[in-house]
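K.L.:
Give the three-dimensional model of this entry:
(one chain, ligands or ions: 1)
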Amino acid sequence: MSSSSTSQPDFAPNKLTLYDNPICPYAQRAVVALKETNTDYHNVYIDFKNKPEWYTKVINPQGKVPALRLEDGTILIESLIIAEYVVDRFDRTHKLLPSDDPKTRAQIRLFTNHYDTAISPNVYGLLRAATSEEQQQKTQAILDGLAQLNQLLVQQSPEGPFFLGNQFSFAEIVVAPLVVRLIGIEYHRGFKIPQTKEYARLNQWIKAFKAHPSIKESTAEDSVFIEGFKKFLPGYNPSATQ
Ligand SMILES: N[C@@H](CCC(=O)N[C@@H](CS)C(=O)NCC(=O)O)C(=O)O
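P.N.:
Below is the predicted model of the structure:
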């Protein structure tokens, strides 16, 4: 992985360049899509505490990762757009986001959309919650959201282990990077997914994708997420933790 500390934009002229930071679940979506499709790319690490000026000027005005620079200089931002682009262009099996099966594509999107709208905001809400009442309420919302996720998994494939049964797909590319970061709320808020029937298919699914090479190879150590989530906690003081 190359460094981002030079004054000129870092990119590879003849191949894809991914601007990345392993702490970020959205950047991991892009990494997993690239790995799943065996796509060669140049990886540029963006240090959030020392972000190069060229990044916001030339690559992504929002200053966020991921961003993907194409061979012709086109810049793509937003993880869902990048992951879909990579899969559409490079997945020769057409199985990650089945191009000939609109219903399955829609079901994958319902699944990813459920996580992004009903679960993720409550995960950040739980970290930010200042009172135990608010923490309980957010914990319950996450549990409800995960129970529904379990149901979506059961409806799609009762056997599993992946959303589409034996086939790893865009559903895991998008959602697994967020689920592996639940260690942050486990550590900071004592949150645990229950080992009960209501969550059995979910637990089976998590175990399967954690062992899957593209997820395993692209997931940072738990300590990275635990440290990274500290900034959401009430009363966070960056100078006290450095
Ligand atoms: N909606 C964006 C979200 C990307 C995002 O929030 N990235 C964060 C890290 S997870 C970021 O780059 N933050 C920049 C910073 O903290 O300076 C996507 O899906 O790509």
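K.L.:
Give me the contacts around the helix or strand containing residue 32.
P.N.:
According to DSSP states H and E, residue 32 maps onto helix 25-36. Contacts with helix 25-36, where a contact means C-beta atoms under 8 Å, 6 or more residues apart in numbering, come from 16, 18-22, 41, 64-66, 68, 79-80, 82-83, 86-87, 90-91, 96, 168, 172-174, 176-178, 180-181, 213-215, 217-219. Heads up, the C-betas are built off the backbone N, CA and C, glycines and all.
K.L.:
same thing with stretch 229-242?
P.N.:
With C-beta under 8 Å, 6+ apart as the test, stretch 229-242 has contacts from 124, 127, 128, 129, 130, 181, 184, 185, 187, 188, 227.
K.L.:
Kindly report the same for stretch 57-71.
P.N.:
Identification of contacts with stretch 57-71 by C-beta under 8 Å, 6+ apart yields 9, 11, 13-21, 24, 26-27, 29-31, 46, 51, 55-56, 75-77, 79, 82, 85-86.
K.L.:
continuing past the helix ranked longest in the chain, what's the next helix or strand?
P.N.:
Across the chain, the longest stretch assigned as helix under DSSP state H is helix 132-156. Per DSSP H and E, the first helix or strand lying C-terminal to helix 132-156 is helix 170-179.
K.L.:
Which residue ranges of this protein form helices?
P.N.:
For the chain, applying DSSP H gives helices covering 25-36, 53-54, 79-90, 102-114, 120-128, 132-156, 170-179, 183-189, 200-210, 213-218, 222-228, 238-241.
K.L.:
any chance of the ones you listed in JSON lines, plus distance to residue 164?
P.N.:
Below are the helices of the chain laid out as JSON lines (distance: least, C-beta to C-beta, whole Å):
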{"stretch": "helix 25-36", "distance to residue 164": "13"}
{"stretch": "helix 53-54", "distance to residue 164": "40"}
{"stretch": "helix 79-90", "distance to residue 164": "13"}
{"stretch": "helix 102-114", "distance to residue 164": "7"}
{"stretch": "helix 120-128", "distance to residue 164": "22"}
{"stretch": "helix 132-156", "distance to residue 164": "7"}
{"stretch": "helix 170-179", "distance to residue 164": "7"}
{"stretch": "helix 183-189", "distance to residue 164": "26"}
{"stretch": "helix 200-210", "distance to residue 164": "11"}
{"stretch": "helix 213-218", "distance to residue 164": "15"}
{"stretch": "helix 222-228", "distance to residue 164": "27"}
{"stretch": "helix 238-241", "distance to residue 164": "41"}
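K.L.:
Perfect, I'm done here.
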